[in-house]
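# sequence first, then the predicted structure:
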Amino acid sequence: MGQSTAVSGAAADTFPKLLLKHAAERPRRIANREKEYGIWLSYDWARVRQEVEALACGLHTLGLQRGDRLIIVGDNRPHLYWAICAAQALGAIPVPVYQDAVAAEMQYVVEHAEARIAIAEDQEQVDKLIEIKANVPSLQTVVFHDARGLRNYDQSWLISYDGAQQKGGEFAQNAPDCSA
């Protein structure tokens with residue numbers, strides 16, 4: 001998803017390509033909204049593209065490759081949709097899991113997907129992934145979005161969403177087409 005990439009209408013046949021198209025044609029139009037603490041937050045197409053690109057590059061640095069499966073678990077929030085698009089930009093397969101799934105149900109999905117990386121919204125989802133990790137040898141990395149409650153977690157395989165995006169930004173400086 002490098003900066004110079006342009007996508008024609010005929011070639012916009014995937015969500016990542018549609019994102020590029022919309023970001024080029026209507027960068028300041030609203031793409032996503034969410035309510036936080038009673039206030040609507042809006043994200044325009046240019047911002048969504050930046051967020052997805054940084055995450056895609058970050059996931060690439062964490063080892064996500066074409067054909068891999070990425071577990072995504074949490075509430076219906078823009079950053080989780082961005083994770084779906086980031087996975088698709090890399091040719092990976094996003095595997096959403098219901099946020100109210102108990103650990104055993106989540107284990108079944110993660111195990112059968114043979115996923116190495118998961119994105120979890122918050123402490124509740126991280127705790128379930130910690131619980132099943134010993135039984136799911138393929139799971140290597142958990143990226144979490146909301147750090148509240150995770151201050152004393154010291155697992156080396158946990159990384160923040162912002163941290164993954166930062167790694168992605170650093171990587172993109174040297175390889176601007178990391179998700180191509």
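Nice, thanks for sending it over.
# in the chain, which spans are helices?
With helices called from DSSP state H, the chain shows them at 15-25, 45-61, 78-89, 103-113, 123-133, 161-174.
# and of the ones you listed, who's closest to Asp68?
Asp68 lies closest to helix 78-89 among the helices of the chain, at 8.2 Å (C-beta to C-beta). C-betas here are computed from N, CA, C, even on glycine.
# helix 161-174 and the closest one, what's the angle between them?
Angle of helix 78-89 versus helix 161-174, following axes from the mean of the first three to the mean of the last three C-alpha atoms, to 10 degrees, is 40 degrees.
# Glu114 reaches Arg69, doesn't it?
Yes - if you go by C-beta atoms under 8 Å, Glu114 and Arg69 touch, sitting 6.5 Å apart.
# which one's more surrounded, those two?
Arg69 (21 against 12; other C-beta atoms under 10 Å).
# how far away is Pro78 from Arg66?
From Pro78 over to Arg66 the distance is 25 Å, taken as C-beta to C-beta, to the nearest Å.
# who has more neighbours, these two?
Taking neighbours as other C-beta under 10 Å, Pro78 and Arg66 compare with Pro78 leading, 17 against 8.
# hey, what's Asn32 bridged with?
Tyr43 (DSSP bridges).
# with Ile71 instead?
Applying DSSP bridges, one finds that Ile71 bridges with Val95, Ala118.
# so what's it up against?
95, 97, 109-110, 113, 115, 117-119, 139 (C-beta atoms under 8 Å, 6 or more residues apart in numbering).
# circling back to that earlier point, how about the helices of the chain, which one is nearest Asp154?
helix 123-133 (11.3 Å).
# and the angle from the closest one to helix 103-113?
With the same axes, to 10 degrees defining the directions, helix 123-133 sits at 60 degrees from helix 103-113.
# packing partners for helix 123-133?
Contacts defined by 3 or more C-beta pairs under 8 Å, 6 or more residues apart in numbering; DSSP states H and E place helix 123-133 against strand 69-73, helix 103-113, strand 117-120, strand 141-144.
# swap in 7 Å and give it another go.
Helices and strands touching helix 123-133, by 3 or more C-beta pairs under 7 Å, 6 or more residues apart in numbering; DSSP states H and E, are helix 103-113, strand 117-120, strand 141-144.
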